[in-house]
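Enquirer: Okay, here's the prediction I keep looking at, along with the sequence it came from:
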Amino acid sequence: MGTPQRDITIDTSKVPKDLLIEKHCAFLTGYGHSHNTYEYGTTDYLRMSGIYWLCTCLDLLHSLKLIDQEYIIDYIQKCYDKNSGGYSPCPNHDPHLLYTLSAVQILVQLNRIDLIDKQNLCSYIKQLQQDDGSFMGDQWGEIDTRFSFCAIACLKLIDSLDVIDIDRATNFIMNCLNFDGGFGCIPGAESHAGQIYCCLGFLSLVQRLDNLDLSTRNMLGWWLCERQLDKSGGLNGRPEKLPDVCYSWWVLASLKILGKIQWINSEKLSKFILASQDDETGGCADRPGNIPDPFHTLFGITGLSLLNIYDENIIKKVNPVLCMPEYIIQKMGIKMQLL
Amino acid sequence: MSLTDWSLLSLLSSSIEQCKSIEFMPLTSNDEYIVYCYCEENIYLCLNLFEIKSIVKLCYSFIFSKDYQEYNQLNILTRVLLCYVTECLTSWNIRRRLVLSGTINIQKELQFLDILLNLKPKSEQLFRYRRWILKQENIQKISINKELEICDRTAEKHFINYASWLYRRWIINYLNINIDEELERNRLWLEKNLSDSSAFSFRAYLLSKKNLNENIIEHELKLNENMLKFYYDRESLWIYRQTLIFLTIKFLSIDKKQLLNKELDLVKTFEENFFSNKYARLLNILLSSDGKQFRN
């Protein structure tokens, strides 16, 4: 016994043990205004997703009122590309499915779905579908199961799933299933927790989880809970990687969809997430002691939400498939399959 | 945006291929002049870590201005920007258009990417773009050795490199590389990089492309067993063994119970550790439940 698993050591005497809500809100709202910091400019290429992480996290923490919603709505409209029907991450940049989903998610969250040109958005997504059912992320032809998820999630949010070929899209996802029970980004690619989340999310949204037989579900559940590291309690995304707070989302949400979230030791994991908070600046980092950012802050909070450790008055319930506050999904009457 | 700014960016662009690799370093500026980069021993182009934001802003302001839209200007601007912000998809798209217009020479572009891959060995966009570029090139002009060397190098530079092994899968299919030769290259690579699960995952992928039979699997299990004798504390070896068992159950009609029992006997011959215990637990679950009921 005693062989080390690749992991980190947490100094439990030094790390935060309580949830630092106010600090997180200050961190997130500050991020939106920090035009002069290093990140602004160098992260333009993913800004739309950044705003989605920020809005969703603040909403889950009951603090959406802290940001200027008009400013954000205005920004999203500046990123709309009328010619294609998609959204770009930043004005002047090219549109892409990844940022189109972020834009749609924010607009739904801010109750401004009326600003979406549904017809144009539908034709944008439809023309990205290939003969084998897969989706390109943009006109340049790269294929990824992430893009399949983005396409379906967008259409689901605007209640237009029927414009694409769901049978073929599902076949492509099933072709990405590996014999270890996981999914990769294209057929034959290595299993990865992020891709597994996208594929399960896809199957959930189109209500086709029955495509996974009992033994596959179990193998996949096994693969996913093997991601929890023994010492730190954190989750990694693939074997032998170090734990990272964002997998608290990808892995847990996948297990939630499979109805096996109880396979994870939630006490250990929540300690790991709380330890990854920065008690000076607020925000979560990928692991304890590192620099926090909005991405890991959101996925730390959504992880805690799925673990059901805090009351809804503290962290709102998150939807495990669309990664948005559950009350919005309920309000819109969006249905999905969970095992 | 001034002529001096433009000269600075042109100079940075022309420095790239003077070196073999690019690095970010904290360099000291003073009141009189700002240090943007310097070249060390003709190997490393050192870019000043403190000037990233100013250069990025400058590049963007030129790229999105009306006055710098000539093809050769966009070429220079995106080259510099991508050294600093390699994941900027819009800049790669500008270069895709420049390739299609004939402004960018494909072989020269491959060289540029080669250098950038030393700086960002796991950049998803870089590999995506390199795939796209190769699809534009006459397949006879693509060097198999060069592409395999790039895969080896990036995989060594960044441990468990998803993007690099994904690219390798694509290369062996696109260039129709012999699977057995690739298996042998992989075996040699793994001898030096034993703890790389992505390389083992790739190996399992190669096996699944062959006409699997019991001899192949047997041989592979034996190879793994011999490695475990020396390195029984490496997680990658245990996970690979698990993968081989899954592969066998999936593709071969064998006596599953017999296989699993044989494995359990084998595990007992090793000194017990965290990974061997996990593996034994999985085997027991597969044995007891036919895989229908497992839970840990």
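Expert: Structure received. Numbering: from 1, shown residues only, chains lettered A, B, ... in the order given.

Enquirer: tell me what the worst-scoring helix or strand of chain B on mean pLDDT is packed against?
Expert: Every helix and strand in chain B was compared by mean pLDDT, DSSP states H and E; the lowest is strand B:37-40, with a mean of 85. On a contact count with 3 or more CB pairs under 8 Å, 6 or more residues apart in numbering or on different chains; DSSP states H and E, strand B:37-40 meets helix B:3-15, strand B:44-48. Every residue, glycine included, has its C-beta placed from N, CA and C.

Enquirer: Dump it to PDB, keeping only the CA atoms.
Expert: Below are the C-alpha coordinates for strand B:37-40, written out as PDB (Å, rounded to 0.1, in the frame of the first residue of the first chain):
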ATOM      1  CA  CYS B  37      12.200  41.100 -27.400                       C
ATOM      2  CA  TYR B  38      15.600  39.700 -27.800                       C
ATOM      3  CA  CYS B  39      17.100  36.700 -29.300                       C
ATOM      4  CA  GLU B  40      19.200  34.300 -27.200                       C
END
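
Enquirer: hang on, the earlier thing: could the helices and strands packed on strand B:37-40 go into TSV alongside distance to chain A and mean neighbour count?
Expert: Converted to TSV, the helices and strands packed on strand B:37-40 look like this (distance: least, CB to the nearest CB, whole Å; neighbours: other CB atoms under 10 Å in any protein chain shown):
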stretch	distance to chain A	mean neighbour count
helix B:3-15	15	15
strand B:44-48	13	21
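
Enquirer: what residue ranges in chain B score low on pLDDT?
Expert: Applying pLDDT under 70 to chain B flags residues B:289-296.

Enquirer: Now the residue positioned nearest the centre of it: closest residue in space, sequence neighbours ignored.
Expert: By CA atoms, centre = their mean, chain B has its centre lying nearest to B:Ser164, at 1.5 Å. The shortest distance from B:Ser164 to any non-neighbouring residue, by CB to CB, 6 or more residues apart in numbering or on different chains, is to B:Thr154 (4.1 Å).

Enquirer: Give me the next element, helix or strand, following the host helix or strand of the one you found.
Expert: In the assignment (DSSP states H and E), B:Thr154 maps to helix B:144-157. Remark: after helix B:144-157, the chain's next helix or strand is helix B:162-174, criterion DSSP H and E.

Enquirer: need the next SSE after that next one, C-terminal direction.
Expert: helix B:179-192.

Enquirer: If you count neighbours, what's buried in that next one?
Expert: Across helix B:179-192, burial judged by 16 or more other CB atoms under 10 Å in any protein chain shown covers B:182-183, B:185-186, B:189-190.

Enquirer: and that helix with helix B:144-157, angle?
Expert: 30 degrees (axes from the mean of the first three to the mean of the last three CA atoms, to 10 degrees).

Enquirer: Helix B:179-192 packs against which elements?
Expert: Against helix B:179-192 (3+ CB pairs under 8 Å, 6+ apart) you get helix B:144-157, helix B:197-209.

Enquirer: which residues are contacting the first one?
Expert: Contacts of helix B:144-157 with the rest of the structure, by CB atoms under 8 Å, 6 or more residues apart in numbering or on different chains, involve B:110, B:114, B:117-118, B:121-122, B:134, B:161, B:163-165, B:167-168, B:171, B:175, B:177, B:185, B:189, B:193, B:196, B:198-199.

Enquirer: mind redoing it with 6 Å?
Expert: Helix B:144-157 has contacts (CB atoms under 6 Å, 6 or more residues apart in numbering or on different chains) with B:117, B:121, B:161, B:164, B:168, B:171, B:175.

Enquirer: Could I get the helices and strands packed on strand B:37-40 in a markdown table, plus columns for distance to A:Ala151?
Expert: Shown next, in a markdown table, are the helices and strands packed on strand B:37-40 (distance: least, CB to CB, whole Å):
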| stretch | distance to A:Ala151 |
| --- | --- |
| helix B:3-15 | 37 |
| strand B:44-48 | 38 |
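
Enquirer: Identify whichever of these lies nearest to B:Lys222.
Expert: strand B:44-48 (44.4 Å; CB to CB).

Enquirer: Now find how far off-centre the closest one is within its chain.
Expert: 23 Å (CA atoms, centre = their mean, to the nearest Å).

Enquirer: Just the angle for that strand relative to helix B:3-15, thanks.
Expert: Using the same axes, to 10 degrees: strand B:44-48 against helix B:3-15 is 150 degrees.

Enquirer: So A:Gln139 belongs to a helix, correct?
Expert: No: read with DSSP: H, G, I helix; E, B strand; the rest coil, A:Gln139 is coil and lies in no helix.

Enquirer: Please tell me how far A:Asn290 sits from A:Ala275.
Expert: Distance of A:Asn290 to A:Ala275, given as CB to CB, to the nearest Å: 11 Å.

Enquirer: more crowded one of these two?
Expert: A:Ala275 (24 against 14; other CB atoms under 10 Å in any protein chain shown).

Enquirer: Look at the nearest residue to that one once chain neighbours are set aside and tell me its secondary structure.
Expert: Leaving aside its sequence neighbours, A:Ala275 sits nearest to A:Val15 (CB to CB, 6+ apart; 3.7 Å). When classified by three-state DSSP, A:Val15 comes out as coil.

Enquirer: what does A:Gly233 give?
Expert: Here A:Gly233 is coil, with the state taken from three-state DSSP.

Enquirer: need the helices for chain A, in chain order.
Expert: Applying DSSP state H to chain A gives helices spanning A:21-33, A:39-42, A:47-60, A:69-78, A:97-109, A:118-126, A:145-157, A:166-175, A:193-205, A:214-225, A:247-258, A:266-275, A:294-307, A:326-332.

Enquirer: Run through the neighbouring helices and strands of the first one.
Expert: Secondary-structure packing of helix A:21-33 (3 or more CB pairs under 6 Å, 6 or more residues apart in numbering or on different chains; DSSP states H and E): helix A:47-60.

Enquirer: that older thread, what pairs with the least confident helix or strand of chain B, parallel or antiparallel?
Expert: strand B:44-48 (antiparallel) (DSSP bridges).

Enquirer: Show me which residues of chain B are close to chain A?
Expert: Residues of chain B found near chain A (CB under 6 Å from any CB of the partner chain) are B:53, B:56-57, B:64, B:85, B:88, B:90, B:93, B:128, B:166, B:197-198, B:201, B:205, B:233, B:235-236, B:239, B:243, B:246-247, B:250, B:273-274, B:291-292, B:294.

Enquirer: Give me the buried entries from the residues you listed.
Expert: By 16+ other CB under 10 Å, the residues of chain B next to chain A give B:53, B:56, B:85, B:88, B:90, B:93, B:128, B:166, B:197-198, B:201, B:205, B:233, B:235-236, B:239, B:243, B:246-247, B:273-274, B:291, B:294 as buried.

Enquirer: In helices, which of these fall?
Expert: Per DSSP H, these map to helices at B:53, B:56, B:90, B:93, B:128, B:166, B:197-198, B:201, B:205, B:235-236, B:239, B:243, B:246-247, B:274.

Enquirer: ok, back up a step: shouldn't the residue nearest to A:Ala275 be in contact with A:Asn290?
Expert: No: A:Val15 is beyond contact range of A:Asn290, at 11.8 Å (criterion: CB atoms under 6 Å).
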